[in-house]
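Asks: any chance you could fold what I've pasted below:
(one chain, ligands or ions: 1)
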Amino acid sequence: MSIRIDPATGLKVFDTRAAKATERIVGKGYSIVSDLSLKTLPELPAGATFDAEEQARYRTYKEARRGAADYMAMEGEFAKYLDDVYSAAPVPRESLSDECEILVVGAGFAGLLLWYRLKAAGFVDVRFCEKGGDVGGTWYWNRYPGIACDVEAYSYLPLLEEMGYVPSMKFASGFEILEYCQAMAEKFGFYEHCLFHTTVEETHWDASSERWIVETDRGDRMHARFVILANGILTTPKLARIEGMETFEGDAFHTSRWNYDVDLAGKKVGIIGTGATAVQVVPELAKTAAELYVFQRTPSSVDIRDQRETTDEERLTWAEEPGWARARRARFAKISAGRTAMQANDDYLAGKVADFKQRKQHERKLSMEEMLDKTLDTNFRIMEQIRARVDAIVKDPKTAAALKPYYPYGCKRPTFHDEYLPTFNLPHVHLVDTAPRGVQQINARGVVHDGVEYPLDVLIYATGFQWMATSTFNMITGRDGRTLKQKWEEDGTRTFLGIHSQGFPNLFIVSGPQGGGGSFNFTDAIEAHSDYIVWVLETLRDRGAGSIDVKAEPEAAYAEHCRKADIASGPLRDCLSYYNGDGDAEPGSLAYYGGNRWHKFRVEAQTTLAPYVFDGDSL
Ligand code: NDP
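Replies: Residues are numbered from 1 along each chain as shown. Have a look, this model is predicted:
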């Protein structure tokens, strides 16, 4: 029985978690590297400045790539790349046409955390729809060899204390994180609330009943008073549009649907893309494939990782320190420089020292422009050091030259690895530099570049995901008959806190455009968003109100703030990357770059209630 009634609550409960497709899907993340030379950085070049010559060089590098990014959705004959390879067939169930109070889309970190918080606040009529066959979200779909988190796990995994869990490694593997998600779901009774293998296709506001009507690919037509979109920031995989890719006769898959049935041992393997995913995958592929071809358009910045096990001392200390995980995450959130945050100084994070770095005292307060110039200089020095690391490790000068990135640090997602660069010294690993236009031709046998054919048995697409499409890939139609996508296309992206959008009452977006993504620790954002959403729901309950919307003026003011924050910090991200829609995004329409100012807007709204419109207000 996949659906039954819980006699205690009278609510429907579900048993739709899919079985595993195969036992072959196992792996680990970063290894502990003992060779000090691989995890020691060359000296930071003290005097180097981001002068006119270097700025011009960066600009040329950027402009050469303009227009090269050409991606497509996995539709039509490419839809097969979206198949769920991790779970057995969906659990059969009847379609639902009933009502629940809160419907949440997504069962990743945000869904799990929301459930924990909602339940604690007394909201139990909560239903989740999840595309995958089990919980985990990102960590359900991404199971490629080498996967691990890049934010230290002690600050990244939610609810560690509530779970009584300590990650085994500082940068836990994706496989450990997936198991942790499953353990959370079991411990907190999540599974009974979730409809797996269920994709929400349409959501529209029914004004007469003041309910959302949610339709899914399983034939459901459910009514819900509140809908929460917790479906992630990098959810939908994309493919580069490459001529002839449909003709390739070998095995092919995207990294987020890793096909463990394809045995790579002894094979000629190609991988297209060298972003954060590929940097983790390539060293593992090199351990199995007979020949490995890495097709690179733009190199990543590859910093040190210095993976380590959790120490006994940490375990003992944390066992006796109530609030340790939250306190650590809060300290982590105070670090604004990407590199420091990623490397995560343990003494500071453990609360042993008050700050994460020695603060420089400036003689006078610096202007915004001066601060920006200083940051650009610092970022330039970091990149010089990263480039020097390439020279120190990679033996072939031509390969080393191709592996050096020329863009501001952090403008593309920084990566971390101690085995990636040395992989290119192996005789069977070949870097194919396809800069600046990328791979443009594939045939039945493999990839063709610059007139050279690279025959392959297996081709892996490490070509990434749509960024910040959280709230637009299912058709959400609001009060005035427009979809959220239409509204944002016509009026520009407009939200309040990234969570509400006017005309879409009782709809909450977790970590969507203008709401998240600008922070290094996604968990930080979803925690803040979940707390806020629960506060809204409690406020409605206390007031006896039926619905909440936001006013146009505060929404416009908030959108303007997002635009300004994006523009002001823009020079730090002056290259082409998915962060800025490969150069085409309107400022303020994607991730939020206002830092802690988000909290100022939130606190003010919660104090004055001025931005909100409550319907059916009984006060
Ligand atoms: P990305 O979007 O970062 O990378 C896509 C890659 O494909 C880029 O290197 C891009 O080159 C390349 N590419 C696209 N088209 C072509 C082409 N025609 N020829 C050659 N190369 C091409 O995707 P990822 O999956 O690597 O990462 C996505 C995000 O997921 C990360 O940025 C990160 O936020 C997250 N992630 C997090 C991890 C973690 O926390 N441990 C691990 C992995 C991913 P170009 O740069 O020139 O556009």
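
Asks: residues near Tyr71, how many?
Replies: Tyr71: 15 surrounding residues under other C-beta atoms under 10 Å. C-beta here means a position set from N, CA and C on the backbone, and glycine is covered the same way.

Asks: I'd like to know how many residues surround the closest residue to it other than its chain neighbours.
Replies: In space, and not counting its chain neighbours, Tyr71 is closest to Lys238: 4.4 Å by C-beta to C-beta, 6 or more residues apart in numbering. Residues contacting Lys238 under the criterion other C-beta under 10 Å number 22.

Asks: secondary structure element for Ala556?
Replies: helix 552-569 (DSSP states H and E).

Asks: before we move on, what about Glu101?
Replies: With DSSP H and E as criterion, Glu101 is part of strand 99-105.

Asks: please put the alpha-carbon coordinates of stretch 84-104 into CSV.
Replies: Included here for stretch 84-104 are C-alpha records, laid out as CSV according to Å, rounded to 0.1, in the frame of the first residue of the first chain:
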residue,chain,number,x,y,z
ASP,A,84,16.9,8.4,-13.2
VAL,A,85,19.6,5.8,-13.2
TYR,A,86,19.9,5.5,-9.5
SER,A,87,16.5,4.1,-8.5
ALA,A,88,14.3,1.2,-9.6
ALA,A,89,11.0,2.0,-11.3
PRO,A,90,8.7,4.4,-9.5
VAL,A,91,6.5,2.8,-6.8
PRO,A,92,3.0,2.5,-8.3
ARG,A,93,0.3,4.7,-6.7
GLU,A,94,-3.0,6.2,-7.4
SER,A,95,-3.2,9.9,-8.5
LEU,A,96,-4.2,12.3,-5.8
SER,A,97,-6.8,15.0,-6.1
ASP,A,98,-7.1,16.0,-2.4
GLU,A,99,-5.9,18.9,-0.3
CYS,A,100,-3.0,19.5,2.0
GLU,A,101,-2.0,22.6,3.9
ILE,A,102,1.6,22.9,2.7
LEU,A,103,3.1,21.4,-0.4
VAL,A,104,6.8,21.6,-0.8
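
Asks: in it, which residues are buried?
Replies: Within stretch 84-104, the residues that count as buried by 16 or more other C-beta atoms under 10 Å are 84-87, 90-91, 93, 96, 100-104.

Asks: please apply the same query to stretch 249-257.
Replies: Of all the residues in stretch 249-257, those buried under the rule 16+ other C-beta under 10 Å are 250-257.

Asks: pull up the distance across that stretch, start to finish.
Replies: Using C-alpha to C-alpha, to the nearest Å, the end-to-end distance of stretch 249-257 comes to 18 Å.

Asks: please compute how far that stretch lies from its chain's middle.
Replies: Distance of stretch 249-257 from its chain centroid, counting by C-alpha atoms, centre = their mean, to the nearest Å, is 21 Å.

Asks: offset the numbering so it begins at 43, please.
Replies: Yep, numbering from 43; the last one is stretch 291-299 now.

Asks: what does the average pLDDT come to for that stretch?
Replies: Averaged over stretch 291-299, pLDDT sits at 98.

Asks: who's in contact with that stretch?
Replies: 116, 123-127, 183-184, 186, 279, 281, 287, 301, 304, 319-320, 323, 486-488, 498-505, 507 (C-beta atoms under 8 Å, 6 or more residues apart in numbering).

Asks: hmm, 7 Å instead?
Replies: Residues from elsewhere that reach stretch 291-299 (C-beta atoms under 7 Å, 6 or more residues apart in numbering): 123-125, 127, 183-184, 186, 279, 281, 301, 304, 319, 323, 486, 498-504.

Asks: of those, which belong to strands?
Replies: 281, 500-503 (DSSP state E).
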